[in-house]
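Q: Build the 3D model from these lines:
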Amino acid sequence: MIDISESVMQFLLALIVVGPLAGAAAALLPAPPGLKGKSPDQAVLRHGVTVTGVVLLAALVLALGFDHDHPSKMQATTDISWIRALDVRIHLGVDGISLPLLVLTALLTFLCALYSYFKQQRQRLTPRASGPSPKAFVALLLVLESGTLATFAVLDLVLFFLAFETVLIPMYFLIARWGGEGRQAAAWKFILYTLLGSVVMLLGLLLIGVKAGTFDMVALATDNGRGLTTSVQVIAVLAIGLGLAVKTPMWPLHSWLPDAHTAAPTVGSVLLAGVLLKMGTYGFVRIVLPITPDGMRTFAPYLAAFAVAGIIYGSLACLALARPGNKGDLKRLIAYSSVGHMGFVLLGIATMTPTGVNGALFANIAHGLITGLLFFLVGAVKDRYGTADLDTLAGATGAALYGRAPRLGALLAFAAVASLGLPGLAGFWGEMLALFGAFDPAEGLSRPAFLTFMAIGAFGTLLTAAYLLVVVRRVCMGGPRPVGETAITDVQGYEFAAWTPLVALTVLAGLWPAVLLGLTDPAVQQLLAGGTQ
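A: Numbering: from 1, shown residues only. Below is the predicted model:
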């Protein structure tokens, strides 16, 4: 930790939230004259790397200046009146719950910008003739980053909703204009599902604000639902929970996700899985748990039931896709795996215990690192083979990634075993803590029911290991490359640059979980006890 004044911390947080928007506006300006023959496409992509790099640097400095001795305290706070008549305020701040998500978002967006720049530079890719220029791509990427970062930083219910909605339009266009086959239908499905869920969520947020007399999330959390009747809390949880469940995504409201991931470009899939899904679970922790605890207690068993149903459903869908002859798409398989992994996050939240909620927050970060890496790797495989079809990747000749591109195969196997929850890697701790939370749920919740949910979730971990090991065996293992077959390119330098931080953090979080849990646990304890200081 370094000693940074509160005013500098406030500036850094404002820069993190607003900086990408300014960068997006600058990306759309006409290219300056005198580029000396340099490609305008590379110039604007380089601009994206610069802006996201500055935001990442600001996030890291903010993390270093964060008071780790008091992670439950809101820090770098800015509180300015915006709409006086409704008491809507521009209220920003970070604590031990939101800080890791801010850093994760800044890191993944920077790595996506870096990957896009070097990929274009190496391969001299040209945009689709009928599609928009890289200017639009960079601007959309930066608007997406700003909306996601704002979601994790704002402390006003109205601002939370606005930030929550900001990400929909850029992600829609990233899928619709830069996606693959079926991109238009997938983009429409994505935006219709999420918009409908958001409308219902807005009604719940307005209900809380009107009944409590304030939209301030800190004040509402400190009150811990005492200013809201049980019936109001139940209605609010139902409305807000539906909107958050769509974004998470919770079974059976998940059906937009596989199509979106399958059609999205690589960076779109990385950001969608790595950070956008976390907005839904973050809303449960930041809003539903502390502000409407009685309503949450009413719906917690149902949330847990849907969570474990998603774990089993996602795993069985992945097993079906992984079987030979089913024409399973590897990107689609990883998308279904996200349904299962996010089920563990929801199960941890539903326990309403510090152990379970800490496990949910840890699993959030772990899923962002591991699944982000998986989508990067699958994108690289698809670029080389021209397909993500599992039967094609397995190869009729028996040769697979270990024989054709051993480094790429090794990285894919590493990401797969991290995703299945191998002890010593990041995927293990969150799921284990979520199951421990279900073993002893909060007071007022049925322990026999949650023991049943725990057993079902534990069985889901076995199914997860089964389908991921099948994928590794089919895609990575096989004989050597046949004589005369054209070699495919192994991992390149720019790919190592984009993927190494995710590999390193996956190992670090697995071997040293106290780094993350030391941040989240005091904040979770305070949140469940009655708000944030």
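Q: Show me what secondary structure element comes after whichever strand or helix holds V61.
A: Per DSSP states H and E, V61 falls inside helix 40-65. On the C-terminal side of helix 40-65, the closest following helix or strand by DSSP H and E is strand 75-83.
Q: From the chain's centroid, how far away is the very next helix or strand once past that following strand?
A: As assigned by DSSP H and E, the chain's next helix or strand after strand 75-83 is strand 88-94. Taking C-alpha atoms, centre = their mean, to the nearest Å, one finds the center of strand 88-94 at 22 Å from the center of the full chain.
Q: For strand 88-94, list the C-alpha coordinates in PDB.
A: The C-alpha trace of strand 88-94 is given here as PDB (Å, rounded to 0.1, in the frame of the first residue of the first chain):
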ATOM      1  CA  VAL A  88     -30.300  11.500  -7.200                       C
ATOM      2  CA  ARG A  89     -26.600  12.000  -6.600                       C
ATOM      3  CA  ILE A  90     -23.300  11.400  -8.500                       C
ATOM      4  CA  HIS A  91     -22.000   9.200  -5.800                       C
ATOM      5  CA  LEU A  92     -18.800   7.200  -6.400                       C
ATOM      6  CA  GLY A  93     -16.700   5.000  -4.200                       C
ATOM      7  CA  VAL A  94     -14.900   1.700  -3.900                       C
END
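Q: Now do it: which elements does it pack against?
A: Packed against strand 88-94, as judged by 3 or more C-beta pairs under 8 Å, 6 or more residues apart in numbering; DSSP states H and E, are the following elements: helix 6-27, strand 75-83, helix 134-153, helix 157-166, helix 217-223. (Glycine included, C-beta is placed from N, CA and C.)
Q: let's see it at 10 Å
A: Contacting strand 88-94 under the criterion 3 or more C-beta pairs under 10 Å, 6 or more residues apart in numbering; DSSP states H and E are the following elements: helix 6-27, helix 40-65, strand 75-83, helix 98-123, helix 134-153, helix 157-166, helix 217-223.
Q: That strand - what's its average pLDDT?
A: For strand 88-94, mean pLDDT is 88.
Q: Check stretch 511-521 too.
A: On average, the pLDDT along stretch 511-521 is 91.
Q: How about stretch 153-171?
A: Summarised as a single mean, pLDDT over stretch 153-171 is 91.
Q: Just after the longest helix anywhere in the chain, pick out the following helix or strand.
A: In the chain, taking DSSP state H as the definition, the longest helix is helix 354-385. Toward the C-terminal end, the helix or strand that comes next after helix 354-385 (DSSP H and E) is helix 390-394.
Q: angle of the longest helix of the chain against helix 98-123?
A: On the basis of axes from the mean of the first three to the mean of the last three C-alpha atoms, to 10 degrees, helix 354-385 is oriented at 0 degrees to helix 98-123.
Q: from here on, count from 2
A: Yep, numbering from 2; the last one is helix 355-386 now.
Q: returning to that earlier point: would you reformat the helices and strands packed on strand 89-95 as TSV and include mean neighbour count and distance to G275?
A: Output for these, formatted as TSV (neighbours: other C-beta atoms under 10 Å; distance: least, C-beta to C-beta, whole Å):
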stretch	mean neighbour count	distance to G275
helix 7-28	19	16
helix 41-66	20	14
strand 76-84	15	23
helix 99-124	23	5
helix 135-154	26	10
helix 158-167	21	17
helix 218-224	20	24
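Q: Make JSON lines out of these and add distance to H342.
A: Listed next are the helices and strands packed on strand 89-95 as JSON lines, based on distance: least, C-beta to C-beta, whole Å:
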{"stretch": "helix 7-28", "distance to H342": "27"}
{"stretch": "helix 41-66", "distance to H342": "24"}
{"stretch": "strand 76-84", "distance to H342": "30"}
{"stretch": "helix 99-124", "distance to H342": "15"}
{"stretch": "helix 135-154", "distance to H342": "19"}
{"stretch": "helix 158-167", "distance to H342": "21"}
{"stretch": "helix 218-224", "distance to H342": "27"}
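Q: Minimum distance to V472: which of the ones you listed has it?
A: Ranking those by distance to V472, with C-beta to C-beta as the measure, places helix 99-124 first at 22.5 Å.
Q: Quick one: mean pLDDT over that closest one.
A: Along helix 99-124, the predicted local confidence has a mean pLDDT of 88.
Q: now swap in stretch 201-208 and tell me
A: For stretch 201-208, the mean confidence score works out to 92.
Q: coming back round to it: by contact count, what packs against the helix holding V62?
A: With contacts defined as 3+ C-beta pairs under 10 Å, 6+ apart, the secondary structure elements packing on helix 41-66 are helix 7-28, strand 76-84, strand 89-95, helix 99-124, helix 135-154.
Q: Setting aside sequence-adjacent positions, which residue approaches the most centrally placed residue in the chain most closely?
A: Geometric centre of the chain, nearest residue: V276, 2.4 Å, by C-alpha atoms, centre = their mean. Nearest non-adjacent residue to V276, counting by C-beta to C-beta, 6 or more residues apart in numbering: T106, 4.6 Å away.
Q: Quickly note the distance from that neighbour to A406.
A: Distance from T106 to A406, counting by C-beta to C-beta, to the nearest Å: 30 Å.
Q: Ok, T152 next?
A: If you go by C-beta to C-beta, the gap between T152 and A406 works out to 37 Å.
Q: so where is the stretch 302-451 of the chain shaky, pLDDT-wise?
A: By pLDDT under 70, the weakly predicted segments of the stretch 302-451 of the chain are 327, 396-400.
Q: ok, 90 please
A: Counting by pLDDT under 90, the stretch 302-451 of the chain has low-confidence residues at 321-333, 336, 339, 379-411, 421-423, 428, 441, 443-448.
Q: In it, mark out all the helices, start to finish.
A: In chain order, the stretch 302-451 of the chain shows helices spanning 331-351, 355-386, 391-395, 402-405, 407-420, 427-440, 448-472, with DSSP state H, counting those that start in this stretch as the criterion.
Q: Buried residues of the second one, list them for me.
A: In other words, helix 355-386. 355-386 (16 or more other C-beta atoms under 10 Å).
Q: cool, the last one as well?
A: Along helix 448-472, the positions that meet the burial threshold by neighbour count (16+ other C-beta under 10 Å) are 451, 454-455, 457-458, 461-462, 464-466, 468-469, 471-472.
Q: Dump the helices of the stretch 302-451 of the chain to TSV, plus distance to Q185.
A: Listed next are the helices of the stretch 302-451 of the chain as TSV, based on distance: least, C-beta to C-beta, whole Å:
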stretch	distance to Q185
helix 331-351	17
helix 355-386	19
helix 391-395	24
helix 402-405	31
helix 407-420	30
helix 427-440	34
helix 448-472	29
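Q: G210 touches R90, doesn't it?
A: No - in this structure G210 lies outside contact range of R90 using C-beta atoms under 10 Å: 11.6 Å.
Q: who touches both of those two?
A: D157, V159, F216, D217 (C-beta atoms under 10 Å, 6 or more residues apart in numbering).
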